[in-house]
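Trainee: sequence plus the predicted model coming up.
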Amino acid sequence: MKRFMLACCSTALVACGDANLEQLDTTLAEIRRTPGGQVPAIVASLPDPQPLHYQHAEARSPFLAPEIVSSAERLLLPEASEFVPDLQRVAEPLESFQLQSLRLVGTLSMEGRQMALIATPEGNVINVRAGNYLGNNHGRITRIVPQEVTIVERVFSQQQGWQERKAALVIDE
């Protein structure tokens, strides 16, 4: 077996040993002497882009749940429910925030009235009382106790119409 391997290796080395490199050198020298040509410029002509118009911009977004109805559509629905919010009322400052983004940072009592301090996502602190509105679901403060603010929100669904939903803000400790 060793002799066979030795014979194969010897044959391979002998085949690579005497190469005729003179012809290769002359061919490469000739290529180097000839001047290089100019590379032709390739100009691709692309058609002018045509603007596309999205035809379904007014349709319901497929990324929203089907029961969510826009504010404009809410105004068109019959006011058969007792929980329909007063849409003509002037909105209070905290109604522009989602309830989940607001934080209860403290409560205090002044002249027998309970007040709560609510922090906005921007870091502003606003004092509120029972009866004030906050959150974008027509949430109204119903009760303030030392560690919690109770809120009743009015939400709309296509199946049930306007419904009340209870929520609360609690002081984070």
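Mentor: Sure thing, it's come through. Residues are numbered from 1 along each chain as shown.

Trainee: show me what contacts residue 25?
Mentor: For residue 25, no contacting residues are found, by C-beta atoms under 8 Å, 6 or more residues apart in numbering. Using the backbone N, CA and C atoms, a C-beta is placed for each residue, glycine as well.

Trainee: make sure it is indeed in a helix.
Mentor: Yes: counting by DSSP: H, G, I helix; E, B strand; the rest coil, residue 25 falls inside a helix.

Trainee: any weak-confidence spans in the chain?
Mentor: 14-19, 65-81, 173 (pLDDT under 70).

Trainee: so where do the strands sit in it?
Mentor: 103-110, 113-119, 125-128, 133-134, 139-145, 148-157, 161-170 (DSSP state E).

Trainee: for the lengthiest helix in the chain, what is the distance to the chain centroid?
Mentor: If you go by DSSP state H, the chain has its longest helix at helix 2-17. Chain-centre distance of helix 2-17: 68 Å, with C-alpha atoms, centre = their mean, to the nearest Å.

Trainee: and for the closest residue to residue 101 other than its chain neighbours, the neighbour number?
Mentor: With sequence-adjacent residues excluded and distances taken as C-beta to C-beta, 6 or more residues apart in numbering, residue 101 is closest to residue 121, at 4.7 Å. By the other C-beta atoms under 10 Å criterion, the neighbourhood of residue 121 contains 11 residues.

Trainee: fine by me, thanks again.
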